[in-house]
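Undergrad: just the structure for this:
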Amino acid sequence: MNKTCFVCGKTKDIAEFYKNPHVKDGHEGRCKECRKAYAVQYRLDNVELNRQNSREYYSLHKEERSRYYKKWCAENKEHKAAYDLEYRHSHPEQMIAQRKAENAKRRARLINAGGKFTAKEWLAIKAKYGFKCLKCGKSENEVKLTPDHVVPLALGGSNTIDNIQPLCWGCNAGKQARIADYRNG
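TA: Okay, the predicted model is just below:
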């Protein structure tokens, strides 16, 4: 049995049309190919609406999605490991930033200092100051930048992004546990 798509006008086998019990012949009027093209275009035209709907769905189904993801990871260990490895290799700067943020969070937790910052915030701070050490002025391609606490954690400083400045390892180590704000000078 054949049917003509009302979008592309091509006559195709009925198997090329999605089933729809609300239509007289039991199949949609547009072929699967045209329906897919329409869906792609709709997603492109409604990006923000789709993001909002996804946020709402995930906030309402957080526990269910978490259980599903954990189950999927357990069932697809090899695929997940390969994907993670490829991601780490193709995004080295994000991985370094994430490690720096996690190290600062761990140090803060050890001495019961409050606050935390994300890898994204760390990258934004480095970009704000031109990827340079605020003390010596060396750029990140010369030295590795580290997050420095303006008010050190040992002196009661917080581990929030507003207490962080980018310094190279040498300048950060030389500052020790002193309050020194290089962000404005």
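
Undergrad: pLDDT averaged over stretch 165-180 - what is it?
TA: Averaging pLDDT along stretch 165-180 gives 92.

Undergrad: now it, how far from the centre of its chain.
TA: Stretch 165-180 has its C-alpha centroid displaced from the chain centroid by 29 Å (C-alpha atoms, centre = their mean, to the nearest Å).

Undergrad: could you do stretch 102-114 as well?
TA: Using C-alpha atoms, centre = their mean, the mean C-alpha position of stretch 102-114 is found 22 Å from that of the whole chain.

Undergrad: what does it contact?
TA: Contact partners of stretch 102-114, identified using C-beta atoms under 8 Å, 6 or more residues apart in numbering, comprise 115-117, 147, 149, 153-154, 156-160, 164. For every residue, glycine as well, the C-beta is placed using N, CA and C.

Undergrad: list the buried ones in that stretch?
TA: Using 16 or more other C-beta atoms under 10 Å as the test for burial, stretch 102-114 gives A104, K105, A108, A113.

Undergrad: before we move on, what about stretch 12-30?
TA: E16, F17, H27, E28, R30.

Undergrad: filter the contacts of stretch 102-114 down to the ones in strands?
TA: Using DSSP state E, the members of these that fall in strands are P147, H149, I164.

Undergrad: by neighbour count, which of these wins?
TA: I164 (25 neighbours; other C-beta atoms under 10 Å).

Undergrad: what sits against that residue?
TA: If you count contacts by C-beta under 8 Å, 6+ apart, I164 has them with A104, F117, E121, W122, I125, P147, D148, H149, V150.

Undergrad: per the record, what domains does this structure have?
TA: The record's domain split for the chain, according to automatic domain parsing, is 2-45, 92-175.

Undergrad: mind putting the ones you listed into a markdown table with distance to Y83?
TA: Output for the domains of the chain, formatted as a markdown table (distance: least, C-beta to C-beta, whole Å):
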| stretch | distance to Y83 |
| --- | --- |
| domain 2-45 | 23 |
| domain 92-175 | 14 |
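
Undergrad: quick one: classify L85 as helix, strand or coil.
TA: Three-state secondary structure (criterion: DSSP: H, G, I helix; E, B strand; the rest coil) places L85 in helix.

Undergrad: now Y58
TA: Judged by three-state DSSP, the three-state class of Y58 is helix.

Undergrad: run a quick check on V7 versus K32, I expect a contact.
TA: No - proximity of V7 to K32 does not meet the contact threshold set by C-beta atoms under 8 Å, at 11.1 Å.

Undergrad: still on that earlier bit, just the buried residues of stretch 102-114: which are in strands?
TA: Taking DSSP E as the definition of strands, the buried residues of stretch 102-114 contribute nothing to them.

Undergrad: just give me the least confident of those.
TA: In terms of pLDDT, the weakest of those is A113, which scores 82.

Undergrad: contacts only, for the residue nearest to M1 when sequence neighbours are not counted.
TA: The shortest distance from M1 to any residue other than its chain neighbours is 4.5 Å, reached at I14 (C-beta to C-beta, 6 or more residues apart in numbering). Neighbour list for I14: M1, N2, K3, H27 [criterion: C-beta under 8 Å, 6+ apart].
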